[in-house]
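Peer 1: Provided below for reference: sequence and predicted model.
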Amino acid sequence: MLILYYSGGGNTKKMAKAIAEAMKSSAISVTVEDVGKFDISLLPNYDRIVLGSPTYFSNVAWQVKKAIDESIVHYRGGKLKGKVAGIFTSAGTSRDGKDCLKMLEVALGLHHGMKVVEGILRVDGESDKEIEKRCQEYGERLAKEIEK
């Protein structure tokens, strides 16, 4: 599994690491990468891809958008089709975060034909403990989806 993320202020990175930590109890191998340092040509090497972005004006960060655009150009032929995808975001408001999750779901689900597991979001003001628990639960949900 690849957990690919961008984090401007660190919150999205914390989420990525917490989701990865939750996967340790399963037999699933997890790689966590910053989207800016990741070679997009390696995407088909992963059976499962989890994509995270902070929310900026109800949308994904440009660094994540760039990776999405490159993935669509490179893998239009369906190389990612049928693979399990997860999505997560850190946002200032719930409304903005939900919009961002929709963008990620469209990119992975509609354009790539991946099976998207409903995403999670972190909203400013929530405690780190609460977010860590939600990420743990999401990681467990992803592991169950993968085992199906």
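Peer 2: Cool, the structure landed.
Peer 1: what about the most centrally placed residue in the chain, helix or strand, and which?
Peer 2: Computing the C-alpha centroid of the chain and ranking residues by C-alpha atoms, centre = their mean puts L51 first, at 2.0 Å. Per DSSP states H and E: L51 is located in strand 48-56.
Peer 1: returning to that earlier point: what's the spacing between the residue nearest to the centre of the chain and S25?
Peer 2: 22 Å (C-beta to C-beta, to the nearest Å). C-beta coordinates here come from the backbone N, C-alpha and C atoms, glycine included.
Peer 1: I'd assumed K83 was in contact with the residue nearest to the centre of the chain.
Peer 2: No - using C-beta atoms under 8 Å, L51 is not in contact with K83; the gap is 11.8 Å.
Peer 1: buried set for the lengthiest helix in the chain?
Peer 2: In the chain, taking DSSP state H as the definition, the longest helix is helix 128-147. For helix 128-147, burial by neighbour count (16 or more other C-beta atoms under 10 Å) applies to I131, E132, R134, C135, Q136, Y138, G139, R141, L142, A143, E145, I146.
Peer 1: about what we covered before: could you check the pLDDT of the residue nearest to the centre of the chain?
Peer 2: Looking at L51, its pLDDT is 96.
Peer 1: ok, it - contacts?
Peer 2: Contacts for L51 were tallied using C-beta atoms under 8 Å, 6 or more residues apart in numbering; they are L4, Y5, V64, I68, A85, G86, I87, F88, L104, A107, L108.
Peer 1: Show me the residues you listed that map onto strands.
Peer 2: Filtering these for membership in strands, criterion DSSP state E, returns L4, Y5, A85, G86, I87, F88.
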